[in-house]
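Enquirer: Could you look at this predicted model? Sequence included:
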Amino acid sequence: MAVHGHTPGEPINDMMLETSTAVDPALMEEVRTGLQQQPKRLSSRFFYDAEGSRIFQAIMHVPDYYLTRSEYEVLDTCKASLLELFAPDDRPFELVELGAGDGLKTKLLLDHFSRERADFTYVPVDISADALDGLVADVSQQWPDLQLRPRHDDYFNALDQLSEESDARRVVLFLGSNVGNFSPDEAVGFYQQLHDRLQPGDLVLTGFDLQKHPAIIHAAYNDREGLTRDFNLNLLRRINRDLNADFDLSAFSHYETYSPETGEARSYLVSEKAQTVQIGSLDMTVPFQYGEIIHTEISRKFTRHQIEQLAERTGFSLAGWFTDASAYFADVVFER
C-alpha cells in the first residue's frame, strides 16, 4: 500500500471503487498475462472491488498503518500555507485531483479554501464512475456554492481537455503516496507527461511516503489484525467471481517484505502447496509449486534527495515541502 494499487500509465487513488458487474477486460488481460510470467504477478490496481475497498477502509484505521493519518495531518496543519502557494495575490486556479476517489483528505482543503473565499474550481478526475458520482454528490451537498467540474476519464486525457478549455492556473493533486507504486522510470515518465500538459507557474502537489525506521514500514504492511492479508487474498476472490476461477484462498498466504536499501515494500501471495487453478472465463490452467509467489504490489519510500532529483529530471522546481510532526510523510509541491 503506497497507499494500495497502480497499473503503469493508469494510477489510481486509495479510495477508488470498482462496482460494475461487467467483466473488466483489463482484469482479464492482467490475469491472462500476469499468471504466465515468472515470477507470477497481478497488479494491485485490481484490489479495489467493493469488498477490497471495504477492507482498505478498515486498514486505514489500524494503528500501525500511519500513511493516511500522516497525510491528513500534513494537509490539516498546512492548508493555509498551501493556499498561499496555490493562489498568490488571490488569483483564481483550478484544483485538479487525479484519482479523486472519495476525496477524504481533499475535503480538508476544500473546506478551508471555501471558508477563505478562494477563487477556485474543483476538478476531480477518476476512472471509476461510481466513486466520482459519490464524491460529486457529497461535495455538492457540503459546499453548494463550490465550482465543480468532475471528469470521468484517465488523467492525461482530462488534463488535455482542460488545457483546451481554459488557460487558468492549474494545481494538480496526486495524493496518497500513489507515486510509490511506480518504478523509478515510470515515475519519471509520469511527471514528464504532467510537465508537458501544464503551463509555466502551474503546480503539482504529490504525497510521498518517506523512508524511516524499517520496523515502522514493515508493521504498516503486515498488520497484526491480518487485514492486509485479507486485502491481498480478496484479489483471488475477485478473480474467482469475475472470471469463473477456482482459487482456494486457504491455500495461499500473504508475505510482505521491506528493504531499507532500496526503500521498497513488496507484497506477495504464496502458494502453500503444489496445486492447479482453473480460470474458466479464460479457458486457462495455472499450475503452482509449493512456495511459488504471485507478486501483487510494490510501494517505494523516498528520501528528500530522491524527490528533489525527480523534480529536476522532469523539468519541475521544488516550491514547497510539508511534513507531519513525525516526518513520516511529505506533501511536496512541484512548480512547472
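Expert: Right, received. Where do you want to start? These numbers were taken from a predicted model, which means no experiment stands behind them. Numbers count the residues shown, from 1 in each chain.

Enquirer: C-alpha from now on. contacts and neighbour counts both.
Expert: Fine.

Enquirer: Which residue ranges of this protein form helices?
Expert: For the chain, applying DSSP state H gives helices covering 25-34, 50-59, 67-86, 106-115, 129-142, 155-165, 184-196, 214-220, 227-243, 304-313.

Enquirer: Touching the longest one from outside, list them.
Expert: Here helix 67-86 makes contact (Cα atoms under 8 Å, 6 or more residues apart in numbering) with 3, 60, 93, 105, 108-109, 112-113, 171, 176, 203, 207, 209, 320, 322-324, 328-331.

Enquirer: Please flag which of those residues sit within strands.
Expert: Counting by DSSP state E, the part of those found in strands is 93, 171, 203, 207, 209, 320, 322-323, 329-331.

Enquirer: Check these and tell me the two furthest apart.
Expert: 93 and 209 (26.8 Å; Cα to Cα).

Enquirer: So between these two, which is more surrounded?
Expert: Neighbour count, other Cα atoms under 10 Å: between residue 93 and residue 209, residue 209 has more, with 29 against 19.

Enquirer: what about stretch 317-324, distance to the chain center?
Expert: 19 Å (Cα atoms, centre = their mean, to the nearest Å).

Enquirer: ok so, going back, nearest to residue 258, of the helices of the chain?
Expert: Residue 258 lies closest to helix 214-220 among the helices of the chain, at 5.9 Å (Cα to Cα).

Enquirer: Just the buried positions in the closest one, please.
Expert: Using 16 or more other Cα atoms under 10 Å as the test for burial, helix 214-220 gives 217-220.

Enquirer: Closest to residue 309 out of those?
Expert: Nearest to residue 309 out of these is residue 217 (Cα to Cα; 22.9 Å).

Enquirer: Not including adjacent chain positions, what is the nearest residue to the closest one?
Expert: residue 258 (7.2 Å; Cα to Cα, 6 or more residues apart in numbering).

Enquirer: rewinding a little: in JSON lines: the helices of the chain, plus mean pLDDT and distance to residue 297.
Expert: Converted to JSON lines, the helices of the chain look like this (pLDDT from 0 to 100; distance: least, Cα to Cα, whole Å):
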{"stretch": "helix 25-34", "mean pLDDT": "95", "distance to residue 297": "13"}
{"stretch": "helix 50-59", "mean pLDDT": "88", "distance to residue 297": "14"}
{"stretch": "helix 67-86", "mean pLDDT": "96", "distance to residue 297": "16"}
{"stretch": "helix 106-115", "mean pLDDT": "96", "distance to residue 297": "25"}
{"stretch": "helix 129-142", "mean pLDDT": "89", "distance to residue 297": "22"}
{"stretch": "helix 155-165", "mean pLDDT": "90", "distance to residue 297": "21"}
{"stretch": "helix 184-196", "mean pLDDT": "96", "distance to residue 297": "15"}
{"stretch": "helix 214-220", "mean pLDDT": "96", "distance to residue 297": "14"}
{"stretch": "helix 227-243", "mean pLDDT": "96", "distance to residue 297": "9"}
{"stretch": "helix 304-313", "mean pLDDT": "98", "distance to residue 297": "21"}
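
Enquirer: could you redo these as JSON lines and give each row distance to residue 296?
Expert: As requested, these are exported to JSON lines (distance: least, Cα to Cα, whole Å):
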{"stretch": "helix 25-34", "distance to residue 296": "10"}
{"stretch": "helix 50-59", "distance to residue 296": "14"}
{"stretch": "helix 67-86", "distance to residue 296": "19"}
{"stretch": "helix 106-115", "distance to residue 296": "27"}
{"stretch": "helix 129-142", "distance to residue 296": "23"}
{"stretch": "helix 155-165", "distance to residue 296": "23"}
{"stretch": "helix 184-196", "distance to residue 296": "17"}
{"stretch": "helix 214-220", "distance to residue 296": "16"}
{"stretch": "helix 227-243", "distance to residue 296": "8"}
{"stretch": "helix 304-313", "distance to residue 296": "24"}
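
Enquirer: Brilliant, that's me finished.
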